[in-house]
Each structure stands twice: as structure tokens, then as C-alpha cells.
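**Q** Please work out how this folds:
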Amino acid sequence: MPTAKPGIRTSRLHVLRIYAHPRVLGMLLLGFSAGLPMLLVLGTLSFWLREAGIDRATIGHLSWVGLAYGFKWAWAPLVDRMPLPLLTRWLGRRRAWLFLSQILIGGALIGMANTDPAGDLSRMVVFALIVAFASAAQDIALDAYRIEAVALRLQGAMAATYQAGYRLAMILASAGVLWIAAMFDASPGEYSASSWQIAYWCMAGCMLVGVVTTLMIREPDVPADQPAIRDTKQPAGSHSERLSAQLTTWLHDAAVAPFQDFFRRYGYHALLILMLIAVYRISDVVMGIMSNPFYVDMGYTKDEVATISKVYGVIMTILGAATGGVLIARIGVIRTLFLGAALSAATNLLFVWLAGRGHDIGGLIFTISADNLAAGIASSAFVAYLSGLTHTAYSATQYALFSSIMLLLPKFIAGFSGEFVDTYGYATFFTGTALLGIPVLVLVWKVGRINFSRSAEKSSEI
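**A** Next comes the predicted model:
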């Protein structure tokens, strides 16, 4: 009977040991905490709002709540460096911000659960904004924790468990919410605020996963390549002048130095890289705001959307991410970026086809499966690309900058998607989102040429 070679057995055991590392296991639960809030204030909320009779134009404008994620670079230096009274001394720098943001998210979700948007939309928006800003702060602290907590050899495992937890939370925040709302819906086909409110109460309770994990994990050690503290000799002058000088030094190290580092490493090519980051996910983000209203208008029930769009879709996203990882190893990041962008734009055309078919379960399965497979490939390549651009000395601030730029323009354009659909219809809208992908392909090609021909070694080695 053939047996595995010793080298293969050793390799498999090594992989298992990596995923059994306490910090790697903890990242699974922290990834869950990070993945839960976003859909609850964007995609899933839009389904609730449409059922409550909110018009498409208003739903489109409310998607600007997601701009909180697009501006997180602005307060990333505070999360990166500013201690929180009492909490930082108790938990440490990263865990203090994680704990605070998770408590705020849970409290604001309770506020959303106690609100009926059909009767008080403004109140719902306020709580959704709190969730979005607190969730963005959690992302900043968690990205920094993920980069700082383990050695380089464990970063791949940390990213994998983070993505797994994140995707599981997305299933719960989308399919789970729809199933719970459908379960408590006394009159299917009619709007029931109480069923949605029960579902959001359950989601608020699920944030305890992140809170408990944050209390259990260990604060990472300050990395050796943390930027050196400047000369702390007391300058001459009054007490207020010394405080002013210290504050200026702190602000420079926290808010200015991370951006100087990026532009110093990449020179004028940094602008082209930032342009690519700004538009890479534009096709998916703009289209995604109207996807749930589209399902409602096409007559799909909550159960159908939960099963097809939110389970098969997320499973295909995970499969796409795994495929993207293989492609990155085989053909490199840039080529995988190009393929992911092309597929993401092309699969939006399937929604044009679906819009002409009406209520078609088979068509929905095919469309959602293809779209999410493409999104998974694109996301895997994009995360790898962004991670390679960061410097560990400024991990929180730089990664927040990149992920913020990724969302700003797409989220702004998506805010007008409801008005566009009202004027031109779904088919034209989905066609337009596909065409938005063409400039992305040009930018990937140009950045790819830079990476293979310029002297910025880090950019060419990712």
C-alpha cells in the first residue's frame, strides 16, 4: 500500500501547526467581527428599505453612509497612535480601539433594531452612520493588529483565517438576516418592521464574538521597525511651547510620515498606483448598491435571495478567492489583477440578461455564481497588491489610506444609482457599470509596466 513521502507529511503537519496558532485562530473570530457590520448598513439595509417602501433614489443616496469607510484614512493616524483613556492601559493600543469600536457597533445596531425606517428614516440613518464609522475604526485597528501580531511566515495564514471569518459574517449579515426576517414575517409578501427588527437584534448580539475575542487575545509587541521616536530633549521655552512642539512632532510622525514614506518609495508613480486603487472595484461597488432593490423589484422573495444570492454567492466568492490565490502563485499579482477586473466588469452584463427574464430562479443562480466567482478572484489579487504596498512601520495608516481610496469614488458615484435606474432602467444601468471597468484595465496594464521596469523594488516583487 503506497504511503505518503516523509517530506509531504512534514509539510502537511507544518501547515496544520500554522493554522493552530492562537493568534491565527483568533483572527478567524476577529474577521467575523469585521465582516458583520458593513452589509447591515449597505446591502442588507437596502433590502429592508425597499420593502419598507423607500424609493430607489433615496436608497442610492443613503449608500453614501458607506463613505465612512472611504474617509477612514483621515482618522487612521489617531487609531494608529492615540491612546484611549483607561482602555489603552488596560488592553493595549490595538485592543483598546478594537474593544471601543465593537461596543459602539453593537449599541448602534440595537438602535437600528429599535427603529422602523418607514416611520423614522432619519433616526435609522443616524444609527447606520455610527455603525459605519465605528466599523471603519475597527478595520483600521484590526488591519494593524493583523500585520503586527505575527511574523511574516504566518501572515498568509492570518489573511486566510481573516477572510474566512469575514465571509462567514457576510453570510450571516445577508442570508442570515433575510432568513430570520422571513421566519418572523407573519404575512409573507407584506412589509413587517418587527421581523427586520428581530433580525437586527440578533446581529447586535453577534458582535459579542468580537468583544470576547478582543478581551482574550494578547496585545502584539511593538514591531522592531516602528519609526524611531524623535529627539525628546525638552526644547527651550514655556510649558505651552514645549507642549506645542511635542504635539507637532506627534502629528508629523502619526499623520505626515506615513504618506511621505509612500511617495518617497514610489515617486511620481505613486499617483498612478493611487488612481488604480481608486477605480479598481468601481464596477462591483456601483452595481452592488442597486442589486437588492433589483431583486425586490423582480419579485424575488427574501428566502430566494438568501439562499441563492447570499449563500451560493458567498460560497462562489470564497472559491474565487482560492482560485485567485492559485493564479497569483502561477501568473503573478498584476496578471491576476487584470483578469479579475475584466471578469468583474463582464459579469455585470449577466444582470442585463437577467433583467430581461424577470423572475427566473435558474438565471439568478447562474448570474450570482458567475459574478461572485469573478469578485473573489479580483478581491484576492487586490488584497495581495495592497498588502505589498504597505510599510510595516505605518501599517494602520497606509492600509487605511489604500482601502479608503478604493471606496471613495465608487461610493460617491453609487449614490446616484437609484436616480439613474429610475430614469434609464436596470438594463442600461448594469451595462453602464460594465463599461466602467474599461479604464480599470488600462490602469492595470500601465501599473504592470511600471512594476516590471522601474526601480521601486517592493512594487515589482509583490
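
**Q** hey, where'd the strands end up in the chain?
**A** Counting by DSSP state E, one finds no strands in the chain.

**Q** what bits of it have low per-residue confidence?
**A** The chain contains residues with pLDDT under 70 at 1-19, 150-157, 188-189, 222-247, 249-255, 310, 390-397, 400, 451-462.

**Q** Domain map for it?
**A** With domains defined by automatic domain parsing, the chain comprises 22-220, 251-462.

**Q** quick one: the residue lying closest to residue 67 once chain neighbours are set aside from residue 295, how far?
**A** Excluding the flanking residues, the one nearest residue 67 by Cβ to Cβ, 6 or more residues apart in numbering is residue 411, at 5.1 Å. Bear in mind the C-beta positions are built from the backbone N, C-alpha and C, glycine included. Distance, residue 411 to residue 295, by Cβ to Cβ, to the nearest Å: 21 Å.

**Q** just residue 136 next, same as before
**A** Taken as Cβ to Cβ, the span from residue 136 to residue 295 is 27 Å.

**Q** Neighbour count for these two, which is higher?
**A** Neighbour count, other Cβ atoms under 10 Å: between residue 136 and residue 295, residue 136 has more, with 28 against 23.

**Q** Next, the contact list for that one, please.
**A** Shown in contact with residue 136 (Cβ atoms under 8 Å, 6 or more residues apart in numbering): 68-69, 71-72.

**Q** Let's see if you can find the most crowded of the residues you listed.
**A** residue 72 leads these on contacts (other Cβ under 10 Å) with 27 neighbours.

**Q** from what I can see that one touches residue 405, true?
**A** No - the pair residue 72 and residue 405 does not pass the contact test of Cβ atoms under 8 Å, sitting 10.4 Å apart.

**Q** OK, contacts around the closest residue to residue 112 other than its chain neighbours?
**A** Among residues not flanking residue 112 along the chain, residue 127 sits closest, at 4.6 Å (Cβ to Cβ, 6+ apart). Taking Cβ under 8 Å, 6+ apart, we find residue 127 in contact with 108-109, 111-112, 115.

**Q** What count of nearby residues applies to residue 428?
**A** If you count neighbours by other Cβ under 10 Å, residue 428 ends up with 14.

**Q** Distance of the closest residue to it other than its chain neighbours relative to residue 426?
**A** With Cβ to Cβ, 6+ apart as the measure, residue 420 is the residue that lies nearest to residue 428, at 7.9 Å, once sequence neighbours are left out. For residue 420, the distance to residue 426 equals 10 Å [Cβ to Cβ].

**Q** Next: residue 86.
**A** 51 Å.

**Q** okay, the two: which has more neighbours?
**A** Shown here are residue 86 and residue 426; by other Cβ under 10 Å, residue 426 has more neighbours (19 against 9).

**Q** okay but the more buried one is in contact with residue 293, surely?
**A** No - look at residue 426 against residue 293 with Cβ under 8 Å: they stay out of range, at 9.2 Å.

**Q** circling back to that earlier point, what's near enough to touch the residue nearest to residue 67?
**A** 63-64, 66-67, 69-70, 285 are the contacts of residue 411 under Cβ under 8 Å, 6+ apart.

**Q** try 7 Å
**A** 63-64, 66-67, 70, 285 (Cβ atoms under 7 Å, 6 or more residues apart in numbering).

**Q** got a list of what the residue nearest to residue 103 when sequence neighbours are not counted touches?
**A** Nearest non-adjacent residue to residue 103, counting by Cβ to Cβ, 6+ apart: residue 211, 6.8 Å away. Residues near residue 211 by Cβ under 7 Å, 6+ apart: 99, 102-103.

**Q** neighbour-wise, which of these leads?
**A** residue 102 (29 neighbours).

**Q** how close does it sit to residue 115?
**A** For residue 102 relative to residue 115 (Cβ to Cβ), the value is 21 Å.

**Q** same thing with residue 126?
**A** Per Cβ to Cβ, residue 126 is found 9 Å from residue 115.

**Q** what about these two, which has more around it?
**A** Higher neighbour count among residue 126 and residue 115: residue 115, with 22 against 14, using other Cβ under 10 Å.

**Q** my read: that one touches residue 123, true?
**A** Yes - look at residue 115 against residue 123 with Cβ atoms under 7 Å: they come within range, at 4.9 Å.

**Q** Enumerate every residue touching residue 280.
**A** Going by Cβ under 7 Å, 6+ apart, the list of residues near residue 280 reads 341, 382, 406, 440.

**Q** In CSV: the residues you listed, plus distance to residue 370 and neighbour count.
**A** CSV is the format used below for those (distance: Cβ to Cβ, whole Å; neighbours: other Cβ atoms under 10 Å):
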residue, distance to residue 370, neighbour count
341, 15, 30
382, 19, 23
406, 23, 22
440, 18, 25
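
**Q** The residue lying closest to residue 182 once chain neighbours are set aside: how many residues sit nearby?
**A** The spatial neighbour of residue 182 that comes closest, neighbours along the chain excluded (Cβ to Cβ, 6+ apart), is residue 302 at 4.3 Å. By other Cβ under 10 Å, 26 other residues sit near residue 302.
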